[in-house]
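J.: Okay, sequence plus prediction incoming.
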Amino acid sequence: MRIFLFFFLIINALNLKAQDKISVPDSLDRDSISYAGFPVTVYDKNLFYIKNSIGPLSAKERARLATEKIVELEKDLATKTDSIILDTTGGNANIIYKNIILVAITQADAKANQSTVNQLATNYQKAIVDIINKYRNENNIVEIAKRVGFGLLIILLLVLIIFYLNRYINRFKEWLSYKLNNKIDGIKIRNYELLSQDSQMIFIRRAINVGKYFIIILTIYLTLPIIFQLFPWTKTWSDALINFILIPLKSIVSSIIDFIPNLISIIIIVMFFRYIVKGLGYLAGEVAAGKLKLNGFYPDWAQPTFKIIKFVLYAFMVVVIWPKIPGSDSDIFKGVSVFLGLLVSFGSSSAIGNMVAGLVITYMRPFVLKDRVKIGDVTGDVVEKSLLVTRLRTIKNEIVTIPNSAILSGNTINYTVMAKKEGSILHTTITIGYDEPWRKIHDLLISAALASEGIDTKRKPFVLQTSLEDWYVAYQINAYTKQPERSALIYSNLHANIQDKFNEAGVEIMSSHYQTLRDGNKTTIPSDYLPDDYEVPSFVIEKDDKKEDKI
């Protein structure tokens, strides 16, 4: 039922389109009719045309009156066509039936038709007689009965065709399903199964059903004009049904023929741009692989630059071929273009900002894939770079997505760039009291760094005393590494080795606090630094390692 409704809507749409296409404005219609004359139309057939007026009667009024009189004669079964005679007295001619003038032919009419009065009147008479005889023959009861029988025969034949078509197509569908059941496999794209075997069989069955219904509807549609053509009063329906198909088909075929030159141009343009893009893609691949080197152009720029150029080339190609596309200058295309432009402008401003930032970041080269970086508060390895976002994998195996606009507006620390050349410096700070010699602390920290896995032993670590606080000294150990991606593990090993080395040396890692009551006890200054005549102060020193007040 849905299919019949669908085709009915299509037929109505095509009919409306055909009527719109062949309709003519009133002014143009009047002009064309006036030039050819006004037709005397009987039984949907133009018998002849009236071009001149007679006295107060215009050509149009003469044609209307002649049409009405001939139609009355046609419907009157008692009309005798041999009683339709010509009267040529007075230089003009009249076609008369029982003292009723059907049509008057003047010298002006003959001149307009480039004929003589007698010849033109004879032609008009013959046309009137023929149309009346034709009407009589077609409306004869015997003739109508024959046509009804022929129509019923056509309908019976149509029913048989549909019955056997439906029957044998269903058998064919079952036979095909049986044959293909074990012969077809699922359609896969790499590891993705696009269509399973069962889905393919369902698709084939439905395709056969659609084809069956299409053939049935087409058969019915082609049969109806034949039946309507049998009867005079339904011939207009037959012509309308035929025009529903013929007029759109003529329009489509005509459009296709007119489009062929533009189609050839479009194919040439597309092939030209396609081979240009292929050539540029090959060069980009060579640059990315390092086989082709360009001064000042980095290999990681090759693919992004190629994508930008490809986009520009394809956009230019669309601009070139757009005027050659049928309907490109129509209001529908213009409306869609404006809508898409507004959609992009108002709905994707942040996305466009990220895309622009992604392009800038690409050519700034703050990092490449697999670099260990710190962006804002996030530290991790770069696992993906795109026009919109950058993704980092942290040391906790978390994927963090950062918009490119945030990267462009913030600071980025890259730990890998210098690590590949001179080594990245890892550093950590401890605080030790003034009672321990600083040289000893330096040696212990350096030995702990050299004992740590991942530290570059070719470059000696160094210690910086970053501050001298009230109660302790801040020592910062700096060590080189070429494995910044393992920095968390290296830091852990370094801290463990610092504890081991200090414990082995008997040095407590403590930030001492003091309250002093000098009573002559020994000073905390190492004795190597004191002069021989140094006198001990007369107050007591009390060391507070637990940071508690003691009196």
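T.: Structure received.
J.: can you list the weak-confidence ranges in the stretch 401-550 of the chain?
T.: 514-525, 529-550 (pLDDT under 70).
J.: Where do the strands of it begin and end?
T.: Secondary structure of the stretch 401-550 of the chain (DSSP state E, counting those that start in this stretch): strands at 412-414, 424-433, 462-468, 472-481, 513-517, 540-544.
J.: Spatially central residue in the protein, please.
T.: Centre of the chain computed as the mean C-alpha position; nearest residue by C-alpha atoms, centre = their mean is residue 340, 11.3 Å away.
J.: Show me what the helix or strand harbouring it is in contact with.
T.: Assigned by DSSP states H and E, residue 340 falls within helix 331-347. Identification of contacts with helix 331-347 by C-beta atoms under 8 Å, 6 or more residues apart in numbering yields 327, 352. Glycine gets a C-beta too; all of them are placed from N, C-alpha and C.
J.: Can you name the next helix or strand after that helix?
T.: Assignment by DSSP H and E places the next element after helix 331-347 at helix 349-364.
J.: on that earlier part again, the helix holding residue 340 vs helix 349-364, what angle?
T.: 70 degrees (axes from the mean of the first three to the mean of the last three C-alpha atoms, to 10 degrees).
J.: Can I get helix 331-347 in CSV, CA atoms only?
T.: Provided in CSV are the C-alpha atoms of helix 331-347 (Å, rounded to 0.1, in the frame of the first residue of the first chain):
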residue,chain,number,x,y,z
ASP,A,331,17.8,29.9,-5.5
ILE,A,332,17.9,26.5,-3.8
PHE,A,333,21.7,26.3,-4.2
LYS,A,334,22.1,29.9,-3.1
GLY,A,335,20.0,29.3,0.0
VAL,A,336,21.9,26.2,1.0
SER,A,337,25.2,28.0,0.6
VAL,A,338,24.1,30.9,2.8
PHE,A,339,22.7,28.4,5.4
LEU,A,340,26.0,26.5,5.5
GLY,A,341,28.0,29.8,5.7
LEU,A,342,25.9,30.9,8.7
LEU,A,343,26.1,27.5,10.3
VAL,A,344,29.9,27.6,10.1
SER,A,345,30.1,31.3,11.2
PHE,A,346,27.9,31.0,14.3
GLY,A,347,28.3,27.4,15.3
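J.: buried residues in that helix?
T.: Across helix 331-347, burial judged by 16 or more other C-beta atoms under 10 Å covers no residue at all.
J.: again with stretch 468-475
T.: 472-473, 475.
J.: Of those residues, which is the nearest to residue 459?
T.: residue 475 (19.1 Å; C-beta to C-beta).
J.: if we can go back for a sec, need the winner for burial among the strands of the stretch 401-550 of the chain.
T.: Ranked by mean neighbour count, these are led by strand 472-481 with a mean of 20 (mean count of other C-beta atoms under 10 Å).
J.: Which elements pack onto that strand?
T.: Strand 472-481 sits against strand 424-433, helix 438-450, strand 462-468, helix 487-505, with contacts defined as 3 or more C-beta pairs under 8 Å, 6 or more residues apart in numbering; DSSP states H and E.
J.: Neighbours of the residue lying closest to residue 158 once chain neighbours are set aside, how many?
T.: Distances taken as C-beta to C-beta, 6 or more residues apart in numbering place residue 223 nearest to residue 158, at 5.0 Å, with adjacent residues excluded. Using other C-beta atoms under 10 Å, residue 223 has 17 neighbouring residues.
J.: what helix or strand is residue 223 on?
T.: helix 197-228.
J.: For that helix, which residues meet the burial criterion?
T.: 197, 200-201, 208, 212-213, 216-217, 223-225, 227-228.
J.: got those residues as TSV, with distance to residue 376 columns?
T.: Below are the buried residues of helix 197-228 laid out as TSV (distance: C-beta to C-beta, whole Å):
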residue	distance to residue 376
197	52
200	51
201	55
208	61
212	64
213	63
216	68
217	65
223	76
224	75
225	76
227	80
228	79
